[in-house]
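Q: Dropping the sequence and predicted coords here.
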Amino acid sequence: MHASTDPSRLFFGHPCEILHKEAIVARTTGEGMSVTPVQTPGGIEPAFDLTAYYPILIYAVVCVLFAVGAIAGTHLFPFKPRKPTKIKQMPYESGMDPIGSARMQFDIKFYLIAILFLVFDVELLFLYPWAVIAYGEGGDQTWRTVFGTVVFLEIMVFLVTFVIAYVYAWKKGVFQWR
């Protein structure tokens, strides 16, 4: 299949090579720029254009307005029971009457399990992009041939480090609930 007709090499219907050449011409000559070009030591470059950031700005404004509106709405229109009674003023505890103080200390086991979960969850967060790039279909095959072995060995060192940490935690009895 020719590079210009290969669907993976198209960007909005245009071959990537043509777009790249047009970008180089526009960068060096200033042609086709929607904003006034600026002369820099690297050549002629487009001035900083904020129009690409308008959707992000609009989204941020909508989020802030929603948060402020929700807080203001609860203060302007507070929900109050029609006939306040002692039972209606109690905090809801899944249908159970609250017994004892709510200021109890948690067992350290909860914290250890939470920290271990976060550590191994972050490990998977780092492994997922590597697995998609290294073993995914399509994409650039030259990356695999040039860096595949080196990156694989680095990932194995990363995994061995976490396996050692897991075995250490197991031997210390972190996973046994007492």
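A: Okay, I see it.

Q: center of this protein, which residue is that?
A: The geometric centre of the chain, computed from its C-alpha atoms, lies nearest to residue 125 (C-alpha atoms, centre = their mean), at 9.5 Å.

Q: For that residue, give me phi and psi.
A: phi -60, psi -40 (degrees, to the nearest 10).

Q: mind checking the SS state of the most far-flung residue of the chain relative to its centre?
A: Within the chain, residue 83 marks the point farthest from the mean C-alpha position, 46.8 Å out by C-alpha atoms, centre = their mean. With DSSP: H, G, I helix; E, B strand; the rest coil as the basis, the three-state label of residue 83 is coil.

Q: related to what we said a few turns ago, any idea how far the residue nearest to the centre of the chain lies from residue 118?
A: Look at residue 125 and residue 118: by C-beta to C-beta, to the nearest Å, they are 10 Å apart. C-beta: built from backbone N, CA, C; applies to glycine.

Q: what's the answer for residue 84, then?
A: Counting by C-beta to C-beta, the separation of residue 84 from residue 118 is 42 Å.

Q: chain center to stretch 145-163: distance?
A: Distance of stretch 145-163 from its chain centroid, counting by C-alpha atoms, centre = their mean, to the nearest Å, is 23 Å.

Q: swap in stretch 51-69?
A: 19 Å.

Q: Going forward, the N-terminal residue is numbered 418.
A: Taking 418 as the first residue, the last one we looked at is stretch 468-486.

Q: So, low pLDDT: which residues of this protein?
A: Across the chain, the ranges flagged by pLDDT under 70 are 418-452, 498, 509-512, 514-515, 555-558, 560-561, 595.

Q: Using the record's assignment, carve it into domains.
A: 424-465, 523-595 (automatic domain parsing).

Q: So residue 568 sits against residue 546, correct?
A: No. Under the criterion of C-beta atoms under 8 Å, residue 568 is not in contact with residue 546, lying 11.2 Å apart.

Q: more crowded one of the two?
A: Shown here are residue 568 and residue 546; by other C-beta atoms under 10 Å, residue 568 has more neighbours (15 against 9).
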